[in-house]
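K.L.:
need a 3D model of the following:
(chains A and B)
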Amino acid sequence: MSQETTPKQDERFARGPQKTYSLMELVRGTSPMVDKGPDDTVFSFPVVALIELLLLLGTTVFLLFFSLLRDAPLEELANPDIVTNPAKAPWYFMALQELLLHMHPVLAGIIVPGVVVVFLIILPYIDYDNSDAGRWFATKRGPKWVFFTALYTTLAQAFLIVFDEKMGLRGLGAASPLILQVIGPILFGVVLFGIPMFIVWFKKPTRREWMLVIFTIIIVSAVVLTISGFLFRGPGMHLYAPWNMPDGYNPWSSL
Amino acid sequence: MTTWSQRITRSRVWRSFFRHGWPDNPLDRSLVMTTNIFFHLHPVKVSRASLKATYSFGLGILATILFGILAITGTLIMFYYVPSTERAYEDIIFLQTKVPYGQLMRNMHRWAAHGMVLVVVLHMVRVFYTGAYKPPREFNWIVGVILLLLTLGASFTGYLLPWDQLSYWAITVGTNIAGYAPFIGPDLRMMLLGGVEVGQNALTRFYALHIMVIPGALLLLISLHIWRVRKDGGLAAQRKAEDSLNIVGEETL
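P.N.:
Numbers count the residues shown, from 1 in each chain, chains lettered A, B, ... in the order given. Okay, the predicted model is just below:
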């Protein structure tokens, strides 16, 4: 028998090199552990119950102290006749509102979020090899790829936002819908997805690594768009430094 | 000689409540988990690798805890709040100025709501980067995506209820985005608001969604989500590559 093929019993669990194994006794029974290797488990009670109790107490105490220090915002009574400037959605929708500034509403409000949700739902059916499940970043080059993708996406997304603000694609769009509806989104697509995925292509990524790159682009884009929309947009939805907003507007007051 | 604690735990009443002994042995530690409706969502045993703090960061548990805090503080606020455009804003002022600990309850509800959105997103990011969505956990990943959307919905519908300028214009802007959908957009927005503008109908609908429909769906799906973690073999955490697949039964010895 050649050494290359794994013996049948070793396929079920790998033998520890420091241990010796011998048959102690034969047991007749229907335990779920029959035919399985030794498992590295502990009883949930009391360990898990204690962890949960500690997290519950910690969260409650933290929230209690934070709530003593900072009050929830409350502005004047709602008035449909006075539009606030800027008028912003809650922070978790600011990525969408920010995107709306850069492209056609159907694209920014429906198609892009729709594609993201569909991507999330079909993800486990595209990338189904579970041999690397349960390990952070899966492969050796995984962490490096995620880091550089995140770095590139942050810089590219920030550049696109500032570029659009300075060049005023929105203003040009009024003159030619072609720019707003075709060139703008294509620019976003090529810079954000095209360039990094083209570079990654040469490294012969596995499916898991493709997913790492795509998911990182999506999540980092969402974070940058949210921060830009929530913190850097002031009156007229123009870009300002968060500490230097005109008219005394404080972006944090809308939490 | 029997002590008081023995007398209590051996009593007919105690034994009708708890069907296990003191959990200091494997059998009773298993029974604690399987005879308690809350613990029953958990597995009886968990792998050591899944307990490592830097694997899961406890984000799923944190999200559930925040949901619980939101349910409790939200219920307390409900005792003082009427979802009417005439009264809503005044009720919030009353809650903050006249009700003992009213301001504190509202603060906790607000910050826990933001915290839950943040924690749920971080939880999804963790599950993605650890590859925990892979078979056999595909279905639970989809349940998680729905839970994320429901969490956003719960937070968004609650945002309107104080009926101040902040909430009014945030909901106007937010629902305008829904209105951009081709064909169904305007109808969708109409259905959500019960009119063309944010008004009493919108407040009534958002209130019903916020206190009943979405929390109800969340409660059901969170239970399903946690129970399913157990059914899919606990957390995906693995220490060594060779532990990943434990295929048995293709051949018996």
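K.L.:
contacts for stretch A:131-141?
P.N.:
For stretch A:131-141, the surrounding residues in contact (Cβ atoms under 8 Å, 6 or more residues apart in numbering or on different chains) are A:142-143, A:146, A:203, A:206, A:208-209, A:212, B:49, B:55, B:129-132, B:134-135, B:137, B:235-238, B:241, B:244-245. In this view, the C-beta of every residue, glycine as well, is placed from N, C-alpha and C.
K.L.:
sitting in strands, which of the residues you listed do you find?
P.N.:
Applying DSSP state E to the contacts of stretch A:131-141, no entry is found in strands.
K.L.:
mark which of those are buried, thanks.
P.N.:
Among the contacts of stretch A:131-141, those scoring as buried are A:142, A:146, A:208-209, A:212, B:49, B:55, B:129-132, B:134, B:137, B:235-238 (criterion: 16 or more other Cβ atoms under 10 Å in any protein chain shown).
K.L.:
which of these fall within helices?
P.N.:
In this view, the buried ones among the contacts of stretch A:131-141 that belong to helices under DSSP state H are A:142, A:146, A:208-209, A:212, B:49, B:55, B:129.
K.L.:
of the residues you listed, just say which sits nearest to B:Arg12.
P.N.:
B:Ala49 (43.2 Å; Cβ to Cβ).
K.L.:
can you pull out the helices in the stretch 151-253 of chain B?
P.N.:
Assigned by DSSP state H, counting those that start in this stretch, the stretch 151-253 of chain B shows helices spanning B:165-179, B:185-193, B:200-208, B:214-231.
K.L.:
what's the first one packed up against?
P.N.:
Spelled out, that is helix B:165-179. helix A:94-100, helix B:138-160, helix B:185-193, helix B:200-208 (3 or more Cβ pairs under 8 Å, 6 or more residues apart in numbering or on different chains; DSSP states H and E).
K.L.:
how about the longest one?
P.N.:
Using 3+ Cβ pairs under 8 Å, 6+ apart as the contact criterion, the neighbours of helix B:214-231 among helices and strands are helix B:59-78, helix B:138-160.
K.L.:
buried residues, it. List them.
P.N.:
Those would be B:214-215, B:217-218, B:221-222, B:224-226, B:228-230, for helix B:214-231 by 16+ other Cβ under 10 Å.
K.L.:
make JSON lines from those and add pLDDT to it.
P.N.:
Formatted as JSON lines, the buried residues of helix B:214-231 follow (pLDDT from 0 to 100):
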{"residue": "B:Ile214", "pLDDT": "98"}
{"residue": "B:Pro215", "pLDDT": "98"}
{"residue": "B:Ala217", "pLDDT": "98"}
{"residue": "B:Leu218", "pLDDT": "98"}
{"residue": "B:Leu221", "pLDDT": "98"}
{"residue": "B:Ile222", "pLDDT": "97"}
{"residue": "B:Leu224", "pLDDT": "97"}
{"residue": "B:His225", "pLDDT": "97"}
{"residue": "B:Ile226", "pLDDT": "96"}
{"residue": "B:Arg228", "pLDDT": "95"}
{"residue": "B:Val229", "pLDDT": "95"}
{"residue": "B:Arg230", "pLDDT": "93"}
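K.L.:
which one of these is nearest to chain A?
P.N.:
Nearest to chain A among these is B:Arg230, at 9.5 Å by Cβ to the nearest Cβ.
K.L.:
stretch A:15-24 near chain B at all?
P.N.:
No. Using Cβ under 8 Å from any Cβ of the partner chain, stretch A:15-24 stays clear of chain B, coming no nearer than 10.1 Å.
K.L.:
okay, how far is it across that stretch, tip to tip?
P.N.:
End-to-end distance of stretch A:15-24 (Cα to Cα, to the nearest Å): 16 Å.
K.L.:
pLDDT of that stretch, averaged?
P.N.:
For stretch A:15-24, the mean per-residue pLDDT is 77.
K.L.:
ditto for stretch B:72-90
P.N.:
pLDDT averaged over stretch B:72-90 gives 97.
K.L.:
quickly check: it near chain A or not.
P.N.:
Yes. Shown here: stretch B:72-90 in contact with chain A (Cβ under 8 Å from any Cβ) through B:85, B:89.
K.L.:
and that stretch, which residues are buried?
P.N.:
Buried, per 16+ other Cβ under 10 Å, within stretch B:72-90: B:73-74, B:76-77, B:80-81, B:83, B:85, B:88-89.
K.L.:
report how many residues lie close to the nearest residue to A:Ala95 once chain neighbours are set aside.
P.N.:
Excluding the flanking residues, the one nearest A:Ala95 by Cβ to Cβ, 6 or more residues apart in numbering or on different chains is A:Leu225, at 3.9 Å. Using other Cβ atoms under 10 Å in any protein chain shown, A:Leu225 has 23 neighbouring residues.
K.L.:
A:Gln157 is in contact with A:Leu225, correct?
P.N.:
Yes. Between A:Leu225 and A:Gln157 there is a contact under Cβ atoms under 8 Å: 6.9 Å.
K.L.:
C-alpha coordinates for the strand or helix carrying A:Phe188, PDB please?
P.N.:
Taking DSSP states H and E as the definition, one finds A:Phe188 inside helix A:184-189. Coordinates of the C-alpha atoms in helix A:184-189 are reproduced here as PDB (Å, rounded to 0.1, in the frame of the first residue of the first chain):
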ATOM      1  CA  GLY A 184     -21.400  58.300 -14.500                       C
ATOM      2  CA  PRO A 185     -22.400  54.700 -13.600                       C
ATOM      3  CA  ILE A 186     -19.800  53.200 -16.000                       C
ATOM      4  CA  LEU A 187     -17.100  55.300 -14.400                       C
ATOM      5  CA  PHE A 188     -18.200  54.100 -11.000                       C
ATOM      6  CA  GLY A 189     -18.300  50.500 -12.200                       C
END
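K.L.:
could you list every helix and strand in contact with the very next helix or strand once past it?
P.N.:
Using DSSP H and E, the helix or strand that follows helix A:184-189 in sequence is helix A:195-201. In terms of contacts (3+ Cβ pairs under 8 Å, 6+ apart), helix A:195-201 is packed against helix A:142-167, helix A:207-227.
K.L.:
OK, contacts around residue 234?
P.N.:
Answering for chain A, as no chain was given. A:Gly234 touches A:86, A:240, A:245-247, A:249, A:251, counting by Cβ under 8 Å, 6+ apart.
K.L.:
chain B is the one I meant
P.N.:
B:43, B:46-47, B:50.
K.L.:
where does the stretch 101-250 of chain B have low pLDDT?
P.N.:
By pLDDT under 70, the weakly predicted segments of the stretch 101-250 of chain B are B:239-250.
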